[in-house]
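Colleague: Please find the sequence and the predicted model below.
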Amino acid sequence: MNRTYELMFIVRPDMVDEDLDKLIANLESTVTSAAGTVKNVDRMGKRRLAYTVRKFREGVYILMTIEGTGTVIHELERRLRVTEQVIKFLTVRIDEEQKRLEKIKKLRDAKKKVSAQPAPAAEEAPAVEPPAAETPATA
Amino acid sequence: MTDETKAAAPVSERPSRPPGDGPRSGGDRPRFGSGGGGGRSGPGGPPREGGRKFFRRKKVCKFCTEKIADINYKDYRLLGQFVAESGKIVPRRLTGVCSPHQHRLASAIKQARNIALLPFAGRAS
């Protein structure tokens, strides 16, 4: 069962870039060795934290998109917990949300096409159509 | 006859009211009385509009009107609009967010708190 996860973690702000590269490469190899794939790595940069975490007031945010099973995440989280430089992390499953968003997008596109077509087609239709087009839009 | 007595009755009532309230309601009501003089349904018809002292704008769900389908924990600026100064999630009755969206909003805010994008309590330091 392959699922898509989003892993966001914060590393301490005084970390050197090379160390960060090494850390990310390490995590990627962990994922691939557990039969998962890393789809994207996004370094969001340094940001002020909303509250102090391990006496740090700011941290470097990194976002990874991972595809794989639960065991991949299990191993990854274990590693993150052990890693000293990582001060906080959050894993969120996103495949179901993505599916939902695609569905909504498809629905909206279909509605746009429907509302665009009958307008020039018939003269009688517009009188009936506006309320019909409005009600699904609000729903 | 009945119309005259009705028009006269509110006028006689007015002086007994406190002076602070009087001028305001006095300014509004005669208009209704004169406008509805032709038919009795006039004052009875729009009681909601006339009876209400101050007009309350109807609150609408921001996510429905702006068609924001994705409520994500990373979008802390958007979520911040629904967090009070104290860090609390603002209730639906104050913001007007609809129930399904409030549900997603609440979970997104909680996720954002977990990763230090939003504060648990108080302002973001």
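Modeller: Yep, it's here.
Colleague: which residues touch the longest strand anywhere in chain A?
Modeller: Using DSSP state E, we find that the single longest strand of chain A is strand A:37-53. If you take CB atoms under 8 Å, 6 or more residues apart in numbering or on different chains as the criterion, strand A:37-53 is touched by A:4, A:10, A:13, A:20, A:24, A:28, A:31-32, A:56-68, A:87-88, B:113, B:116-120, B:124-125. Heads up, the C-betas are built off the backbone N, CA and C, glycines and all.
Colleague: change it to 6 Å
Modeller: A:13, A:28, A:31, A:57-67, A:87-88, B:116, B:118-119, B:124 (CB atoms under 6 Å, 6 or more residues apart in numbering or on different chains).
Colleague: Is there a quick ChimeraX command that grabs whichever of these are buried?
Modeller: Typed into ChimeraX, the line below selects the buried ones among these, using 16 or more other CB atoms under 10 Å in any protein chain shown:
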select /A:28,31,58,59,60,61,62,63,64,66,87,88 /B:116,118,119
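Colleague: Just the ones of the contacts of strand A:37-53 in helices?
Modeller: A:28, A:31 (DSSP state H).
Colleague: A:T69 - how many residues pack around it?
Modeller: A:T69 has 14 neighbouring residues, counting by other CB atoms under 10 Å in any protein chain shown.
Colleague: measure it to A:V38 for me?
Modeller: 14 Å (CB to CB, to the nearest Å).
Colleague: And for B:A84, the neighbour number?
Modeller: 10.
Colleague: B:A121 too?
Modeller: Neighbour count for B:A121, taken as other CB under 10 Å: 10.
Colleague: can you check A:F89 too?
Modeller: 20.
Colleague: buried set for the longest strand of chain A?
Modeller: Applying 16+ other CB under 10 Å to strand A:37-53 flags A:38, A:49-51, A:53 as buried.
Colleague: Rebuild these as a markdown table, extending it with pLDDT.
Modeller: Below are those laid out as a markdown table (pLDDT from 0 to 100):
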| residue | pLDDT |
| --- | --- |
| A:V38 | 91 |
| A:L49 | 91 |
| A:A50 | 91 |
| A:Y51 | 90 |
| A:V53 | 90 |
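Colleague: I'd like to know how far A:T37 sits from B:V90.
Modeller: 40 Å.
Colleague: same thing with A:E28?
Modeller: According to CB to CB, A:E28 stands 40 Å off from B:V90.
Colleague: With A:L49 instead?
Modeller: 22 Å.
Colleague: Can you show me the CA trace of stretch B:86-101 as CSV?
Modeller: Taking Å, rounded to 0.1, in the frame of the first residue of the first chain, the C-alpha atoms of stretch B:86-101 are listed here in CSV:
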residue,chain,number,x,y,z
SER,B,86,-4.5,34.6,22.9
GLY,B,87,-3.7,31.8,20.4
LYS,B,88,-7.2,30.3,20.6
ILE,B,89,-9.1,29.1,17.6
VAL,B,90,-11.9,31.6,17.0
PRO,B,91,-15.3,30.0,17.3
ARG,B,92,-17.6,29.6,14.3
ARG,B,93,-20.3,31.8,15.6
LEU,B,94,-17.9,34.8,15.5
THR,B,95,-16.2,34.1,12.1
GLY,B,96,-19.1,32.7,10.2
VAL,B,97,-17.1,29.7,8.9
CYS,B,98,-19.3,26.8,7.9
SER,B,99,-19.2,23.6,9.8
PRO,B,100,-17.2,21.4,7.4
HIS,B,101,-14.6,24.1,6.8
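Colleague: Residues contacting it, please?
Modeller: Taking CB under 6 Å, 6+ apart as the rule, stretch B:86-101 contacts B:59-61, B:63-64, B:82, B:84, B:102, B:106, B:109, B:119, B:121-122.
Colleague: Within reach of chain A, which of those residues are there?
Modeller: Restricting the contacts of stretch B:86-101 to those touching chain A (CB under 6 Å from any CB of the partner chain) yields B:P119.
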